[in-house]
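Undergrad: One predicted model, sequence on top.
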Amino acid sequence: MFHSSALSSPHPEATSVGRTAVITGATSGLGLVFAERLAAAGYHLTLVARGTDALNAIAARLGHGDRRPHIITADLGTEDGVSRLLEALTTAVPDLLINNAGYGLAEAFPYSTPADEQTLLRVNVGCVLRTTHAVLPMMISRGAGAIVNVASVAAYGPVWLASTYPASKSWVLAFTESTARSAQLKGSGVRMMALLPGYTRTAFPQRAGMTGPHMPQWMWLTSEQVVSSALRDLERGRTISIPSLRYRILSQVLRHLPRGVTTRFSLDRSVPREETVAAATAG
Ligand SMILES: NC(=O)c1ccc[n+]([C@@H]2O[C@H](COP(=O)([O-])OP(=O)(O)OC[C@H]3O[C@@H](n4cnc5c(N)ncnc54)[C@H](OP(=O)(O)O)[C@@H]3O)[C@@H](O)[C@H]2O)c1
């Protein structure tokens, strides 16, 4: 079994010495808090992101000597970046893999480029598929290991963000749930969990254009809330983790009310069609 009890143990280092974790997107937001929490629990970390300076600064802060996290500078939207990560994963399969790197586009789908949409799919979907495929056989043969794939509450309905983003997160949820419950993983000692955060105060919402007056305050979570809840759910062996009661309720609503009802409450931040048609025809 995956021994994650180290994460909430009063003496975490006693139980997690020698355990390894790889975290993608570890330089800010949720990934950074995962890194801080796992470093404190005694994990040997490998941190992955595009920014080498940020990775080095975080590694230096989180540990010294042989406790200093390894870093991998990789753009997971490129073949080269994913290959570098896969090489590291297959050379030393970690006890815990957190596929956290992901983003949304600021442009609504009709006005983005196909290349940008495909790059988003490479990071949010392709990389999750390939890293999971790379580590699962070894985890299964060891009889231990865990994979956390970060999806989103948006996975339950394309009612937020007029882009490929909610579709990519629906894939992460469906893939994680079906693989976690497959005959190959049942009783294997290997866990997979999809983490579905709601709106969380990180760099992500700003980058994805999800700010403004349409965002009620009660909808915001902190990265600390999300990561604490995720690690608790991982210990409990949950397949799906939805941090906070409000988002668990909202997810039930999204799943069970007819689409015709839920889509009326959509938070669509795309530019209204009339405005874009007017802009396109002006001049
Ligand atoms: N915040 C929310 O409201 C929210 C809600 C639901 C789900 N999520 C999901 O939570 C996950 C983490 O997001 P966050 O909110 O923590 O965002 P964030 O603060 O923007 O952090 C994203 C991390 O991913 C890395 N990253 C982005 N693109 C990358 C690429 N192409 N290759 C490698 N690394 C890349 C970034 O580092 P570099 O820029 O240095 O590469 C950064 O470390 C994402 O999967 C996101 O979809 C977030």
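TA: Looks like it arrived, so ask away.

Undergrad: Could you check which residue of the stretch 101-250 of the chain lies nearest the ligand?
TA: residue 102 (2.3 Å; CB to the nearest ligand atom). All C-beta spots, glycine's among them, are computed from the backbone N, C-alpha and C.

Undergrad: host element of that residue?
TA: Of the helices and strands defined by DSSP states H and E, none includes residue 102.

Undergrad: so what's the spatially closest residue to it that is not a sequence neighbour up against?
TA: What sits nearest to residue 102 in space, not counting adjacent residues and going by CB to CB, 6 or more residues apart in numbering, is residue 124, at 4.6 Å. Neighbour list for residue 124: 102-103, 165, 168-169, 171-172 [criterion: CB atoms under 8 Å, 6 or more residues apart in numbering].

Undergrad: Would you point out the most distant pair within these?
TA: Spanning the widest gap among those are 103 and 171, at 15.0 Å by CB to CB.

Undergrad: out of these two, which sits in the busier spot?
TA: Neighbours per residue (other CB atoms under 10 Å) separate residue 103 from residue 171, with residue 171 holding more: 20 against 17.

Undergrad: Am I right that that one is in contact with residue 127?
TA: No. Contact criterion CB atoms under 8 Å: residue 171 and residue 127 do not qualify, at 11.9 Å.

Undergrad: Can you check which residues contact both of the two?
TA: Counting by CB under 8 Å, 6+ apart, residue 171 and residue 127 have no common neighbour.

Undergrad: Tell me how many other residues surround residue 262.
TA: The local packing of residue 262 (other CB under 10 Å) involves 18 other residues.

Undergrad: In terms of helices and strands, where is it?
TA: Per DSSP H and E, residue 262 falls inside helix 259-262.

Undergrad: Is there any residue in stretch 196-208 that contacts the ligand?
TA: Yes. Applying CB under 6 Å from any ligand atom, one finds stretch 196-208 touching the ligand at 197, 199-200, 202-205, 207.

Undergrad: So what's the gap between that stretch and the chain middle?
TA: 11 Å (CA atoms, centre = their mean, to the nearest Å).

Undergrad: Check which residues of the host helix or strand of residue 38 are buried.
TA: Element membership of residue 38 [criterion: DSSP H and E] is helix 29-40. For helix 29-40, the neighbour count (16 or more other CB atoms under 10 Å) marks 29-39 as buried.

Undergrad: I'd like the mean pLDDT over it, please.
TA: Helix 29-40 carries an average pLDDT of 98.

Undergrad: from the middle of its chain, how far away would that helix be?
TA: 13 Å.

Undergrad: which parts of the stretch 151-283 of the chain sit against the ligand?
TA: 152, 197, 199-200, 202-205, 207.

Undergrad: need the helices for the stretch 51-200 of the chain, in chain order.
TA: 52-62, 79-91, 114-121, 127-142, 165-180 (DSSP state H, counting those that start in this stretch).

Undergrad: Pass me the low-pLDDT residue ranges in the stretch 1-150 of the chain, would you?
TA: 1-17 (pLDDT under 70).

Undergrad: Can you tell me which residues in it are near the ligand?
TA: Going by CB under 6 Å from any ligand atom, the residues of the stretch 1-150 of the chain near the ligand are 25-31, 49-51, 54, 74-77, 100-103, 123, 150.

Undergrad: pretty sure residue 95 is touching residue 19, no?
TA: Yes. Contact criterion CB under 8 Å: residue 95 and residue 19 qualify, at 4.7 Å.
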